[in-house]
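[1] sequence and computational prediction follow.
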Amino acid sequence: MSDGIRLVLADVDGTLVTREKILTPRAVRAVEKLRERGIVFAITSGRPPRGMAMVAEPLKIDQPIAGFNGGVMVRPDWSVIEARTLTEAQAKTVIGIIRDHGADPWVYTQQDWIVGKVDAPHVAREQWTVKFPPKEGDIAADLSAVVKITGVSDDLELMKRLEHDLREALGGEASAALSQPYYVDVTNKKANKGDVVRTLERLLGIPAMQMATLGDQPNDMLMFADSGMSIAMGQASDEVKKAATYVSASSEEEGFAKGVEKFILGEDVSIEG
């Protein structure tokens, strides 16, 4: 346990919620315990901000919410604090690379999620997850205010190559990272979870070294690196686990709650059991 932790920042999918997007009673209670200790709780995700309402409301989130991996930072009433977009040239390049790899591109603005076909792979699942439908149409019709582009494919090796090739093409001028094995998210170079830590530091006046972060995917490693303590979920890859200070149980085995209880609150909790 670290007595110096003043803020906990959690990823949502695969961390705060289970594979079936369930926020367990134990997870809710863990957040309540943090507040009882005077520790601030915040969330970040590749989801659009309104796609996090299903966890923000039951958890009574009262801090800035970082959607699109920090591409849009909103207040708890969903009003926008700041947004970071891709340039039109970047968006065109990204869409072309995703298509060249045989993956499906999705485009997000602050308000809309746009897909080429609503019956494409993962669209229905994503709609169920974020609790609002996409718009179907020409995804490249208007690229003037794109916050995120997601490449989608069930070919997991292809997705690793796509992540690599997008990073090579963008040359550090935008961020490309796997948010799930079948999703690669491209955002403004300052729209990443490491920058979420720094933005919360600026907005709330809490030093990054007094923050603890929890996650399970490669895009969570940047916030691990910039925070004072980090906790990886048990189902994370070896690469992600090595980047974390501690490893908890999987998200299917109360990994979020157990990680908070044991490593932040100092309770006598078994990660295995």
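    Here it is on my side, so go on.
[2] for stretch 224-240, the averaged confidence score.
    Across stretch 224-240, pLDDT averages out at 97.
[3] what about it, start to end distance?
    By CA to CA, to the nearest Å, the extent of stretch 224-240 from end to end equals 9 Å.
[4] swap in stretch 215-227?
    With CA to CA as the measure, stretch 215-227 spans 12 Å from end to end.
[5] try stretch 59-76
    End-to-end span of stretch 59-76 (CA to CA): 11 Å.
[6] gap between it and the chain center?
    The chain centroid and the centroid of stretch 59-76 are separated by 11 Å under CA atoms, centre = their mean, to the nearest Å.
[7] likewise stretch 7-20?
    8 Å.
[8] residues of that stretch that come out buried?
    Buried residues in stretch 7-20, counted by 16 or more other CB atoms under 10 Å: 7-18. (Each C-beta comes from the backbone N, C-alpha and C, glycine too.)
[9] ditto for stretch 171-187
    For stretch 171-187, a neighbour-count test (16+ other CB under 10 Å) marks 174-187 as buried.
[10] just put these in a markdown table and tack on pLDDT and secondary structure.
    Below are the buried residues of stretch 171-187 laid out as a markdown table (pLDDT from 0 to 100; DSSP: H, G, I helix; E, B strand; the rest coil):
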| residue | pLDDT | secondary structure |
| --- | --- | --- |
| Ala174 | 95 | strand |
| Ser175 | 90 | strand |
| Ala176 | 93 | strand |
| Ala177 | 89 | strand |
| Leu178 | 89 | strand |
| Ser179 | 86 | strand |
| Gln180 | 87 | strand |
| Pro181 | 91 | coil |
| Tyr182 | 95 | coil |
| Tyr183 | 95 | strand |
| Val184 | 96 | strand |
| Asp185 | 93 | strand |
| Val186 | 95 | strand |
| Thr187 | 93 | strand |
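[11] relative to Glu168, which of the residues you listed is nearest.
    Among these, Ala176 lies closest to Glu168 (CB to CB), at 9.2 Å.
[12] ok, that closest one to Gln210 distance?
    According to CB to CB, to the nearest Å, Ala176 and Gln210 sit 30 Å apart.
[13] over to Glu168?
    Per CB to CB, Glu168 is found 36 Å from Gln210.
[14] the more surrounded of these two?
    Neighbour count, other CB atoms under 10 Å: between Glu168 and Gln210, Gln210 has more, with 17 against 10.
[15] need the contact list for the closest residue in space to the more buried one that isn't next to it in sequence.
    The shortest distance from Gln210 to any non-neighbouring residue, by CB to CB, 6 or more residues apart in numbering, is to Arg6 (4.4 Å). By CB atoms under 8 Å, 6 or more residues apart in numbering, the contact set of Arg6 is 38-40, 206, 210-211.
[16] same question for Gln180.
    Shown in contact with Gln180 (CB under 8 Å, 6+ apart): 13-14, 217.
[17] what of Met211?
    Met211 touches 5-9, 197, 200-201, 227-229, counting by CB under 8 Å, 6+ apart.
[18] for it, name its beta-bridge partners.
    The partner list for Met211 in beta bridges (DSSP bridges) reads Leu7.
[19] buried sites along stretch 212-232?
    212-224, 226-232.
[20] what of stretch 193-208?
    Quick answer for stretch 193-208 (16+ other CB under 10 Å): 193-197, 199-201, 206, 208.
[21] would you turn those residues into a markdown table with pLDDT, distance to Arg75 and secondary structure?
    What follows is the buried residues of stretch 193-208, written out as a markdown table (pLDDT from 0 to 100; distance: CB to CB, whole Å; DSSP: H, G, I helix; E, B strand; the rest coil):
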| residue | pLDDT | distance to Arg75 | secondary structure |
| --- | --- | --- | --- |
| Lys193 | 94 | 19 | helix |
| Gly194 | 94 | 22 | helix |
| Asp195 | 94 | 18 | helix |
| Val196 | 96 | 15 | helix |
| Val197 | 97 | 18 | helix |
| Thr199 | 96 | 13 | helix |
| Leu200 | 97 | 13 | helix |
| Glu201 | 97 | 17 | helix |
| Ile206 | 97 | 17 | coil |
| Ala208 | 97 | 21 | helix |
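[22] I appreciate the help and will end here.
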